[in-house]
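> sequence first, predicted coordinates after that:
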Protein chains: 2
Amino acid sequence: MSKVAKFNREEVIDKATNLYWNKGYHGTSMRNLQTAIDLRPGSIYATFGSKDNLFKESINYYADQTGELLQTCLAQSESPLTGLKLFIRKLVIDNLDGKPSCMCMIVKSISELTETDNKELLDEAKRLLANVENKFSEIITEAMGQGEIDSDKDASELASYIQVQIIGLRTYARVNSNKETINKFVDEIFIGSPFH
Amino acid sequence: MSKVAKFNREEVIDKATNLYWNKGYHGTSMRNLQTAIDLRPGSIYATFGSKDNLFKESINYYADQTGELLQTCLAQSESPLTGLKLFIRKLVIDNLDGKPSCMCMIVKSISELTETDNKELLDEAKRLLANVENKFSEIITEAMGQGEIDSDKDASELASYIQVQIIGLRTYARVNSNKETINKFVDEIFIGSPFH
DNA sequence: ACCTTAATTGAACGAATGTTCCAAAATAAC
DNA sequence: GTTATTTTGGAACATTCGTTCAATTAAGGT
């Protein structure tokens, strides 16, 4: 051995994630990152290799955090479906203030990155979003087994529907963050549209 | 008079819009624009002033086009509600292939721009999205007058709901563009969630 | 205490960024 | 055909970009 890095790797990724989450991939410069995580170029490039790779680690870190939140919600709930509901409410409501963005970082990435210019990062973001959807599908299947949801339904289709609702709500919240309205929409996800 | 510009202004804005729509504000460089619209810097800056202003004109052009599509759909439909449905179906389905993005350009802009770095453009995008929502609200109110929708409902809340659904669907389509699923979700907007 | 090894620093790189500027070209008016 | 006026083309600007690199610092192993 010899000298060992004095900074905390996860702490650094956490700060980088918050910056990327707020400003996006293209909107964040390496200079921005340097000051945000308080590291000089040499250290950053020795540790993470490139701006692209640091971004990749950041969205993975973000996805991990989100996955842990989902697990926590499921663990502290009595049924899969109430756990899923709690997760959605937390995702949508708790990110309204004080966070880098009320929007999902993965969705923001999928929105700004292109197939032609940033294929690798875009594919990574798509993969992470698909992971979440698969998890939703498992939970819904479990809820069907417990009789919480009609087993005639298609679990993966319901999972898609949940995705659409979360994406729609969190994105719309950036324009209208009226908590009453948003809370009402969250409630209605599992009940039926306001038109019905 | 003297020399007159030989390029078609709207044609140029149209091409600029398509590029911005595809690559986003930060992902589009002035060099990209120069080649896409086939104009040299001198002409661009004499005509549009700045990258920011050209972007502003582009999202306005995009919003105008979308507004015209809505009007067309209403005109060729028998009732406000069927017109609105047609509009949503066209928006979501017809943009799946061959367009710069299946996502809404205004939503993409709201997603990538920040309050601190691009306040003016962000506010413009928010304003344009609010315009659409107001239009939805008017249509819904009209539908209430014709007995198509229960008058006890809150028109502006239903308009918000429509926004959430369109945003969610068009964004989700970037990851899963299965037309059957998407078409089904469009149908269900005015009926009730798949869970019901 | 010395040596080895790795982390840190900050200047520097070439390329790309948004924008400016001006000579050259083009047109309408006379 | 000349003049007046405006657009056009493209080189060039200062700045910022992502990244590299060499000198310096720090710490464990012996």
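Happy to help now that I have it.
> OK, now which residue of chain A is nearest to chain B?
Nearest residue of chain A to chain B: residue A:168, at 2.6 Å (CB to the nearest CB). Bear in mind the C-beta positions are built from the backbone N, C-alpha and C, glycine included.
> make sure that residue is actually in contact with residue B:169.
Yes: judged on CB atoms under 8 Å, residue A:168 makes contact with residue B:169 at a distance of 7.5 Å.
> which neighbours do those two share?
Common neighbours of residue A:168 and residue B:169, counting by CB atoms under 8 Å, 6 or more residues apart in numbering or on different chains, are absent.
> still on that earlier bit, once you drop chain neighbours, what's closest to the residue of chain A closest to chain B?
Excluding the flanking residues, the one nearest residue A:168 by CB to CB, 6 or more residues apart in numbering or on different chains is residue B:168, at 2.6 Å.
> same thing with residue A:194?
Nearest-residue entry for residue A:194: residue B:161, 5.2 Å, with adjacent residues in sequence omitted and distances by CB to CB, 6+ apart.
> for that neighbour, which residues are in contact?
Residue B:161 sits next to A:185, A:193-195 when contact means CB under 8 Å, 6+ apart.
> let's see if you can find the most crowded of those.
The most neighbours of any of those, using other CB atoms under 10 Å in any protein chain shown, belong to residue A:185, which has 22 neighbours.
> what's the helix or strand for that residue?
Using DSSP states H and E, residue A:185 sits in helix A:179-189.
> now do that helix: everything it contacts.
Contact partners of helix A:179-189, identified using CB under 8 Å, 6+ apart, comprise A:85, A:88-89, A:92-93, A:96, A:162, A:165, A:169, A:172-173, A:194, B:157, B:160-161, B:164, B:193, B:195.
> which members of those are positioned in helices?
Residues of the contacts of helix A:179-189 located in helices (DSSP state H): A:85, A:88-89, A:92-93, A:162, A:165, A:169, A:172, B:157, B:160-161, B:164.
> most neighbours among the residues you listed, which one?
Counting neighbours by other CB under 10 Å, residue A:172 comes out on top of these with 28 neighbours.
> measure the residue lying closest to that one once chain neighbours are set aside to residue A:92 for me?
If the residues on either side of it in the chain are set aside, residue A:172 comes closest to residue B:164, at 4.7 Å by CB to CB, 6+ apart. Separation of residue B:164 from residue A:92 (CB to CB, to the nearest Å) stands at 11 Å.
> residue A:66 reaches residue A:131, doesn't it?
No: with contact defined as CB under 8 Å, residue A:66 does not count as touching residue A:131 (9.7 Å).
> over to the residue nearest the centre of chain A: give its phi and psi.
Centroid-nearest residue in chain A, with CA atoms, centre = their mean: residue A:104, separated by 4.7 Å. Main-chain torsions, residue A:104, degrees, to the nearest 10: phi -70, psi 130.
> show me the contacts for the residue nearest to residue A:172.
Per CB under 8 Å, 6+ apart, neighbours of residue B:164: A:165, A:168-169, A:172, A:185.
> my read: residue A:112 touches residue B:26, true?
Yes: with contact defined as CB under 8 Å, residue A:112 counts as touching residue B:26 (7.5 Å).
> sorry, back to before: wait, the residue nearest to the centre of chain A sits on residue A:168?
No: counting by CB under 8 Å, residue A:104 stays clear of residue A:168, with 10.8 Å between them.
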